[in-house]
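>>> Based on what follows, work out the 3D shape:
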Amino acid sequence: MNKKKRILITGSSGFIGFSLALNLLKKGHKIFGYDSINNYYDVNLKLSRNKILNKFKNFSFIKGELEDQKKLNKSVLKFKPQIIIHLAAQAGVRYSLDAPRKYLSTNIIGTFNIIEIAHKIKVKHLLIASSSSVYGANKQSAFKETDKTDSQLSIYAATKKSTESIAHSYSSLWKIPITMLRFFTVYGPWGRPDMAYFKFTNAIIKNKKIDVYNKGEMYRDFTYIDDVTKSIELLINKAPPQNKKSNYKNDSLSSLAPFRIINIGNQKKVYLKNFISALEKKLNKKANKNNMSMQKGDVKKTLSNTNLLYQIIKYKPKVNYINGISAFVEWYQKYYK
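You can find the predicted model right below:
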């Protein structure tokens, strides 16, 4: 991606949005950030991220809600992005049990507003964050993009699946090139305090108990933030084609639209108990565990098949969970010293 682009990133004060914006700014792209900076988790962390981005002359920012269509449209029309990367969302499976309406509002209405404005300004490529949670109760050992996704287990997952359907319909109707990004358990420096690894680190340091669901006998495809942002960056110039036969094996490219779904994961399963052990080793401190049963809406396993991603961008994740945890803990100790 040598040619400098004008890129809108929603959720630019969030974990993935901030990390991606920082990488693209360093390469000279003009980035417009749009974020509500809500209080779902520590606002100061979001402001700290924003402060770093604001140091770049090629960065501009508007604080706003995705549901505020008037403000969103005015901001986007002024910036005139060539690319939109929509990462803003109400995240968190567990919180969706308590505040389901927030997920419907932000994730469905908010994403609809982004797709509408993308159609209006005729963007070259719209990339939208989905989630591995859409696979729900799927029994496959490693999820492929072409696997069935008919059994979501949380409101969060259901809203993400809904946005995929809305995006496909718009892509089909108006020929908007859209790529849906199914992320698998993203972690690393500047991460989200509501995520388990962040909570565990904080609790272990403060000698507090950590809640471990299913005794840690569940696994995730932990994917380091740098591998995620690199994958997104390489996908920017890989807009799905219209009316072309795919050259890729098991491609999710729609036969009706320039629309594709892509898994972004590490393609390695890591048991939660092993992840906790690595944290304990890095912190040189044992965790005080409170073993609990599975929580409603949660799944026992997620593992990606990222063969399609590799075929398209020729990049494989480089950071294993041991090194990733080490980098996160070092950042955490420095940030919260």
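>>> Residue 73 contacts residue 118, correct?
No - counting by C-beta atoms under 8 Å, residue 73 does not reach residue 118; the two are 11.0 Å apart. Glycine gets a C-beta too; all of them are placed from N, C-alpha and C.
>>> okay, and the helix or strand of the protein with the least pLDDT?
Every helix and strand in the chain was compared by mean pLDDT, DSSP states H and E; the lowest is helix 95-98, with a mean of 83.
>>> Tell me where the chain has helices.
15-26, 43-53, 69-79, 95-98, 100-103, 110-121, 155-174, 196-205, 225-235, 272-283, 307-313, 321-335 (DSSP state H).
>>> So which bits of the longest one are buried?
Buried positions in helix 155-174, judged by neighbour count with 16 or more other C-beta atoms under 10 Å: 155-164, 167-168, 170-172.
>>> Now do the contacts for residue 18.
Contact analysis of residue 18 by C-beta atoms under 8 Å, 6 or more residues apart in numbering lists 12, 49, 50, 52, 53, 190.
>>> before we move on, the earlier item: would you mind giving the helices of the chain as a markdown table with distance to residue 256 added?
Putting the helices of the chain into a markdown table (distance: least, C-beta to C-beta, whole Å) gives the following:
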| stretch | distance to residue 256 |
| --- | --- |
| helix 15-26 | 29 |
| helix 43-53 | 38 |
| helix 69-79 | 26 |
| helix 95-98 | 30 |
| helix 100-103 | 28 |
| helix 110-121 | 16 |
| helix 155-174 | 5 |
| helix 196-205 | 39 |
| helix 225-235 | 21 |
| helix 272-283 | 39 |
| helix 307-313 | 18 |
| helix 321-335 | 38 |
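>>> Have a look at residue 73 and residue 118 and say which one is more surrounded.
More neighbours surround residue 118 than the other of residue 73 and residue 118, with 27 against 15 (other C-beta atoms under 10 Å).
>>> pLDDT value on that one, please?
What the model reports for residue 118 is a pLDDT of 98.
>>> my guess is it meets residue 176, correct?
Yes - the pair residue 118 and residue 176 passes the contact test of C-beta under 8 Å, sitting 5.9 Å apart.
>>> Buried members of the contacts of residue 18 into ChimeraX, please.
Of the contacts of residue 18, the buried ones can be selected in ChimeraX as follows, counting by 16+ other C-beta under 10 Å:
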select :12,49,50,53,190
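>>> for the contacts of residue 18, which one is nearest residue 266?
Checking the contacts of residue 18 against residue 266 by C-beta to C-beta gives residue 190 as the nearest, at 18.4 Å.
>>> need the contact list for that closest one.
15, 18, 19, 45, 49, 225, 331.
>>> Look up how far residue 20 lies from the fifth one.
When distances are taken as C-beta to C-beta, to the nearest Å, residue 49 and residue 20 turn out to be 11 Å apart.
>>> highest average neighbour count across the helices of the chain?
Highest mean neighbour count among those (mean count of other C-beta atoms under 10 Å): helix 15-26, with a mean of 23.
>>> by how many degrees do that one and helix 225-235 diverge?
Counting by axes from the mean of the first three to the mean of the last three C-alpha atoms, to 10 degrees, helix 15-26 lies at 60 degrees to helix 225-235.
>>> got the angle between helix 15-26 and helix 196-205?
Using the same axes, to 10 degrees: helix 15-26 against helix 196-205 is 100 degrees.
>>> centre of the chain versus helix 15-26, how much separation?
Distance, stretch centre to chain centre, for helix 15-26: 12 Å (C-alpha atoms, centre = their mean, to the nearest Å).
>>> How about stretch 235-251?
Chain-centre distance of stretch 235-251: 21 Å, with C-alpha atoms, centre = their mean.
>>> on that earlier part again, list the residues that contact both of residue 118 and residue 176?
With C-beta under 8 Å, 6+ apart as the test, residue 118 and residue 176 both reach residue 126.
>>> hang on, residue 287 packs against residue 202?
No - in this structure, residue 287 is not within contact of residue 202 by C-beta under 8 Å, at 11.4 Å.
>>> how about the nearest residue to residue 73 once chain neighbours are set aside, what does it touch?
Of all residues beyond its chain neighbours, the one nearest residue 73 is residue 117 (5.5 Å), with distances taken as C-beta to C-beta, 6 or more residues apart in numbering. Shown in contact with residue 117 (C-beta under 8 Å, 6+ apart): 72, 73, 76, 77, 84.
>>> And the second one, how close does it get to residue 116?
Using C-beta to C-beta, residue 73 is found at 8 Å from residue 116.
>>> Likewise for the last one?
Distance, residue 84 to residue 116, using C-beta to C-beta: 11 Å.
>>> Identify the residues contacting stretch 27-35?
If you take C-beta under 8 Å, 6+ apart as the criterion, stretch 27-35 is touched by 1, 4-14, 17, 21, 24-25, 46, 50, 53, 56, 58-64, 66, 72, 75-76, 79, 81, 88.
>>> thinking again about what came up before, ok, the residue nearest to residue 73 to residue 104 distance?
Separation of residue 117 from residue 104 (C-beta to C-beta) stands at 20 Å.
>>> got it, and residue 23?
32 Å.
>>> Could you do residue 167 as well?
Residue 167 is 16 Å from residue 104, where distance means C-beta to C-beta.
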